[in-house]
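Colleague: Turn this into a model:
(one chain, ligands or ions: 1)
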Amino acid sequence: MEEDSSIFSSISENETKYIQLKIGSLLNRSFTEFISQAKKSGDYKKFLKAQDLQEEGEYHFIKTDKEPSSPMSKSESEDQFDPAHEFIEIICNVPSSEELKSSGNSIPNQKYLKKKRKAVFSNPEDVFNQESFVPPKYEKAESERVKIKNALMNNMLTKKLSDESINTLIAAFQKKTFNKDDVIIQYGDDGKEYFVLEAGVLQCEVFDEETKESSVTRTITEGNAFGELALLYQTPRSATITALTDCTTWVLDQMTFKTVIMASAVKERNIRLNFIDNIKVFEKMSRYEKVKLLDGLQVQYFESSDVIVKEGDAGEYFYIIEEGKVECIKEDGKEIIRTLDQGDYFGELALIESEQKRTLTVKAKSLCKLLVLNKDTFYRVLGSFSNYLKKDYKL
Ligand SMILES: Nc1ncnc2c1ncn2[C@@H]1O[C@@H]2COP(=O)(O)O[C@H]2[C@H]1O
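Modeller: Residues are numbered from 1 along each chain as shown. Just a heads-up that it's a prediction; the model follows:
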């Protein structure tokens, strides 16, 4: 409590006014969003009940953290408007008193807003045009539109975008062909484009800065996208992509990529990436592998006392604790072997040894938000890390 009051005692009048105005419009938006969801649901009353709103007396606008359906089903909601996140954004981005004063009123002026945005879109040319930017449109045959759409719908980065965003993207892709042996992306270059491969085969070659050795990690085949990392993280190209055959690609400019794809996908991803970056066991992973891992993670919630993993069962999932605490219990004697909390992981032993059953029962000690990886994704993403994980784990 003491901590809270000291944080808020330093808020100036200007800052308070700023927050009030922002929260006011956020509430307004939340309410509109809520009503539109309720209307869409077809059965208004059932919808209210499902949201844990009490029908009689006062309505309590409580959004439970609990996921309504079975385990691996509901991270789809991630792209939706999330008032809690928006709230945090507002609080974290309150301009300083000086900035508010210099803007002449309690809301920062356009100049200030543009300056803020620069932090997210770090290339200077990105900054001025965010609001007025209109994605380009290139003519395409229907068959081409279908191919691009299929590729976007099969790509983790774009599959959850709205139909409107998908259509904007489809229109904005421009055809570009390459000859066999052409270098499409050069390791270390600045990234300006995002690609979808329509026809042909490409080679992806990565470099180890320490050993100065290069290795071919995979071939990229039709319908796959590449070149996203440099645009997402403002880093140099992480690999060299070379055409193994004559190729046809679809190319998206970075401004369209940023305004359409990044705006929705990267926000959630960055929060998690930051989280994964702090987990020791993943420290040897490349950024690419971490991003792949993130794409395979699903969110699952457990109430206090829920059994997450049962001793003797076959292992299906690997878990990372994003929030909450769990207890690992040996069934005979009910001895608590250890307690795990934020950033810890469990459930990997049964995945590493295919015959191995769960060696302990893991029970939620509080409400838990877990990031869950299923067996197939675990092998695809962490296969080469299994020995490392096993060694690191002291039973
Ligand atoms: N280890 C890897 N395996 C497969 N693809 C990769 C790997 N590393 C990088 N890439 C892809 O190669 C692209 C090179 O440019 P980017 O870094 O922009 O984005 C990169 C990814 O799309």
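Colleague: Check for me that Ile148 belongs to a helix.
Modeller: Yes - read with DSSP: H, G, I helix; E, B strand; the rest coil, Ile148 is one of the residues of a helix.
Colleague: Give the closest residue to it in space, chain neighbours not counted.
Modeller: Excluding the flanking residues, the one nearest Ile148 by Cβ to Cβ, 6 or more residues apart in numbering is Ile170, at 5.0 Å. Every residue, glycine included, has its C-beta placed from N, CA and C.
Colleague: Likewise for Leu360?
Modeller: Setting aside the residues directly before and after it, Leu360 is nearest to Cys328 in space (Cβ to Cβ, 6+ apart), at 4.5 Å.
Colleague: Kindly report the same for Gly343.
Modeller: Distances taken as Cβ to Cβ, 6+ apart place Ile279 nearest to Gly343, at 5.3 Å, with adjacent residues excluded.
Colleague: Does the one you found touch Ile321 like I think?
Modeller: No - using Cβ atoms under 8 Å, Ile279 is not in contact with Ile321; the gap is 9.8 Å.
Colleague: Now do the shared contacts for those two.
Modeller: Counting by Cβ atoms under 8 Å, 6 or more residues apart in numbering, the common neighbours of Ile279 and Ile321 are Gly343, Tyr345.
Colleague: Pick out whichever of those two has more residues nearby.
Modeller: Taking neighbours as other Cβ atoms under 10 Å, Ile279 and Ile321 compare with Ile321 leading, 21 against 16.
Colleague: name the element that one belongs to?
Modeller: According to DSSP states H and E, Ile321 maps onto strand 317-323.
Colleague: Which other helices and strands does the next helix or strand after that strand contact?
Modeller: Downstream of strand 317-323, the first helix or strand assigned by DSSP H and E is strand 326-330. Strand 326-330 is packed against strand 335-340, strand 361-364, with contacts defined by 3 or more Cβ pairs under 8 Å, 6 or more residues apart in numbering; DSSP states H and E.
Colleague: My guess is the residue nearest to Leu360 contacts Thr359. True?
Modeller: No - counting by Cβ under 8 Å, Cys328 stays clear of Thr359, with 9.0 Å between them.
Colleague: Look at these two and report which has more neighbours.
Modeller: Taking neighbours as other Cβ under 10 Å, Cys328 and Thr359 compare with Cys328 leading, 21 against 16.
Colleague: Distance-wise, check the more buried one relative to Glu303.
Modeller: For Cys328, the distance to Glu303 equals 18 Å [Cβ to Cβ, to the nearest Å].
Colleague: Show the pLDDT at the residue nearest to Leu360.
Modeller: As predicted, Cys328 sits at a pLDDT of 93.
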